[in-house]
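Asks: Fold the stuff below for me.
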Amino acid sequence: MVESSNPEPTARQDGSRYALSNLFRTSMLPRLALIGVVLLALAGAFAATAGWLSPQRLTPEKIVARFEEYNGVHPGFRRNHAKGVCVSGVFESSGEGAAISRASLFRPDASVPVFGRFALAGGNPFMADSPAAVRSLALNFALPDRELWRTGMNDIPVFPVKDAQGFYDFLAATRPDPKTGKPDPAKMEAFLKAHPEAPAALKLITGRQMAEGFADATYNSLNAFEFVDAHGTETPVRWSVMPVDPPKPDAAPEEGENYLFDALAGELESAPLRWRLVATVGEPGDSTSDPTIPWPDGRRKVTLGTLTLDRVEDEEHGPCRDVTFDPLILPDGIASSDDQILSARSAAYAVSFREREGETKEPSAVEIANPGSDAK
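Replies: Sure, this is the predicted structure:
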């Protein structure tokens, strides 16, 4: 054994240690107890947020699981908007947006690279294209100073429900019955009674003017956001990308399961496609929390700039496959609103991304001839 170099404690030292020990008990123990209570409260809050203490609470995992129940499990693909292709191009600012947002891409003469993804709503990557399919356009803007702006838009005018629970119930109510191939009328009736905002929203969605394809469709943010100017003033907005060329008249569906994507690839091979990015400015009384309610016609519109897409690639070779188009990835000058659908989308996208990242990557659902070649 190695001897200790410290001498034996004296009685006086023992007394001092006893006094210090006593002081520690009287002064520190309550403080430690308080810290313990705080930590326990934080743990409880985290557990509640995660749904651990409330099994009936809706979580992003449950939402993703509901998509899988509806569409089946397709490893390696997104749980929604599973069928898609990558596109890329550039956004050129008009300078008009600088009056209501300090975001750098809205400055006069700003030009930033963009990549994105055209897709169909639904979790089956091998579904056949159809004229009634909801089409989406997701975009990633690469701003200076490594800032990003990501947005996912759809060609419908409003969202069918006002909150995450409503969307979860909507998926259950509209799931086709295996025997009939159609939703159960009783379930749909119960859903509409439980979510009174849905009938009017669904009427607007089903009554919208259908574009012929991806290229001539208008895509809407659906959710409201806040633009923040150089002085910190917030302005509620919803945005859309509108085709520069007028929509083509409706045409009979072409043959082929991928006819919408084939047409898009053909158009991009012929010439670049252009859209105007337009912000609709909300006024007092316009709902920013409920995406089922359209803002009145006549609201001020600000043309933020022009989006030009000139390249299309399949997902295996393009830049969009391993990206989540989280609507809350926002640059300085754009902020979230009080619409709870935004946080629900963000959380569900993260779960979907995490699941598919751990799965074997399958070949692209839509193949593009000569992937990676420049569009003419």
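Asks: Check the contact between Ala164 and Ile341; I expect there is one.
Replies: Yes - counting by CB atoms under 8 Å, Ile341 is a contact partner of Ala164 at 6.6 Å. The C-beta positions use only the backbone N, C-alpha and C, and glycine is treated the same way.
Asks: Asp129 and Ala121 touch, don't they?
Replies: No - counting by CB under 8 Å, Asp129 stays clear of Ala121, with 12.0 Å between them.
Asks: Looking at these two, which one has more neighbours?
Replies: Higher neighbour count among Asp129 and Ala121: Asp129, with 21 against 16, using other CB atoms under 10 Å.
Asks: who touches that one in this structure?
Replies: Shown in contact with Asp129 (CB atoms under 8 Å, 6 or more residues apart in numbering): Leu120, Pro253, Gly256, Glu257, Asn258, Tyr259, Leu260, Phe261.
Asks: Doesn't it lie inside a strand?
Replies: No - Asp129: not assigned to a strand; according to DSSP: H, G, I helix; E, B strand; the rest coil it is coil.
Asks: quick one: the helices in the stretch 251-376 of the chain?
Replies: For the stretch 251-376 of the chain, the helices defined by DSSP state H, counting those that start in this stretch cover 259-270, 340-357.
Asks: how about Leu120, what does it touch?
Replies: By CB under 8 Å, 6+ apart, Leu120 lies in contact with His81, Lys83, Gly84, Met127, Asp129, Ala133, Val134, Arg135, Ser136, Leu260.
Asks: let's see it at 7 Å
Replies: Contacts of Leu120 were listed using CB atoms under 7 Å, 6 or more residues apart in numbering, and they are His81, Lys83, Met127, Asp129, Ala133, Val134, Arg135.
Asks: And it, how far from Thr360?
Replies: From Leu120 across to Thr360, the span is 23 Å (CB to CB, to the nearest Å).
Asks: and if you look at Arg78?
Replies: For Arg78, the distance to Thr360 equals 15 Å [CB to CB].
Asks: so where's the stretch 101-250 of the chain shaky on pLDDT?
Replies: Segments of the stretch 101-250 of the chain classed as low confidence (criterion: pLDDT under 70) are 246-250.
Asks: So for the contacts of Asp129, which is the shakiest by pLDDT?
Replies: Of all the contacts of Asp129, Pro253 has the smallest pLDDT value, namely 55.
Asks: okay, now the domains of the chain?
Replies: 13-57, 59-357 (automatic domain parsing).
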